[in-house]
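Participant: Okay, structure incoming, though there's no sequence with it:
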C-alpha cells in the first residue's frame, strides 16, 4: 500500500504503510527497500541509508545487488564517496556486472582519481555494450569514458567517445561539462 499511496502523492500515508509493514515483520526486506527508496525520494538520505543497510544484510534477498546500488547512490548524495565505492563494488559482484553498477563504480573511481581501476570496470561495461544491442551509451557513460581515456592518454578512445557525445547528446549537461573540461585543459 505504501507504493500506491506514494504514487497517489500521499506521502504521510505511504510512510505510515511502510512503517506498519516493517513493524509487523522486521525481516520483510522488500518493504525496507521500498521504504528506503521512498525516503530517498523525500530527500531523507540518512534514513534511506539506514533502511538500505538493513536490507543489504539479508543474504537471501534475490535482488540484493540492487539494494547495494541504491545504498551507493544514497551514500553519494551524502558525499560518502568511499562508502559509495564499496557499495557499488558489492553491487557489481552480486549482479555479475550489471551495466548501471559498472558505470556507477567506474564513475566514482574516476572521480577519486583511481583511473586504472575505473578503466577496468569501464572496459567491462564497454564489452557488455558491444555484445548487447539494447545497451547504449548515455551521456554519463560517454563522459565517464572520456575522463578515463583522457587521463590514461588513450586519445583514440577519448576522441571516439567525445564524437559520440557531441553527435548524440549535444544539448546534454555532460556535453557542456566535457567542453568545460577541454577548455580548462583537463
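Facilitator: Yep, it's here. Source: prediction; values computed, not measured. Residues are numbered from 1 along each chain as shown.
Participant: Spit out the contact partners of residue 182.
Facilitator: Residues near residue 182 by Cβ atoms under 8 Å, 6 or more residues apart in numbering: none. C-beta: built from backbone N, CA, C; applies to glycine.
Participant: What distance do you get for it to residue 9?
Facilitator: To residue 9, residue 182 is 43 Å away according to Cβ to Cβ, to the nearest Å.
Participant: What residue in this structure is the furthest from its centre?
Facilitator: When distances to the mean C-alpha position of the chain are computed (Cα atoms, centre = their mean), the maximum falls on residue 24, with 30.8 Å.
Participant: Counting by contacts, list what the one helix or strand residue 53 maps to packs against.
Facilitator: Per DSSP states H and E, residue 53 falls inside helix 45-56. If you count contacts as 3 or more Cβ pairs under 8 Å, 6 or more residues apart in numbering; DSSP states H and E, helix 45-56 packs onto helix 29-41, helix 64-77.
Participant: In JSON lines, list these along with mean neighbour count, distance to residue 96 and mean pLDDT.
Facilitator: Output for the helices and strands packed on helix 45-56, formatted as JSON lines (neighbours: other Cβ atoms under 10 Å; distance: least, Cβ to Cβ, whole Å; pLDDT from 0 to 100):
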{"stretch": "helix 29-41", "mean neighbour count": "21", "distance to residue 96": "20", "mean pLDDT": "96"}
{"stretch": "helix 64-77", "mean neighbour count": "23", "distance to residue 96": "8", "mean pLDDT": "97"}
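Participant: and stretch 179-186, how far from the chain's centre?
Facilitator: Centroid separation for stretch 179-186 versus its chain: 25 Å, with Cα atoms, centre = their mean, to the nearest Å.
Participant: pLDDT averaged over it - what is it?
Facilitator: For stretch 179-186, the mean pLDDT works out to 80.
Participant: tell me which residues of it are tucked away?
Facilitator: Within stretch 179-186, no residue is scored as buried using 16 or more other Cβ atoms under 10 Å.
Participant: name the helices or strands packed onto the longest helix that the chain contains?
Facilitator: The single longest helix within the chain, with elements called by DSSP state H, is helix 115-131. Counting by 3+ Cβ pairs under 8 Å, 6+ apart, the packing neighbours recorded for helix 115-131 are helix 99-111, helix 139-151.
Participant: Please enumerate residues in contact with that helix?
Facilitator: Counting by Cβ under 8 Å, 6+ apart, 92, 97, 99, 102-103, 105-107, 109-110, 135-137, 141, 144-145, 148, 151-152 sit against helix 115-131.
Participant: Now that helix: buried residues?
Facilitator: Across helix 115-131, burial judged by 16+ other Cβ under 10 Å covers 115, 117, 118, 119, 121, 122, 124, 125, 126, 129.
Participant: and this protein, what are its domains?
Facilitator: By the assignment in automatic domain parsing, the chain contains the domains 1-96, 99-186.
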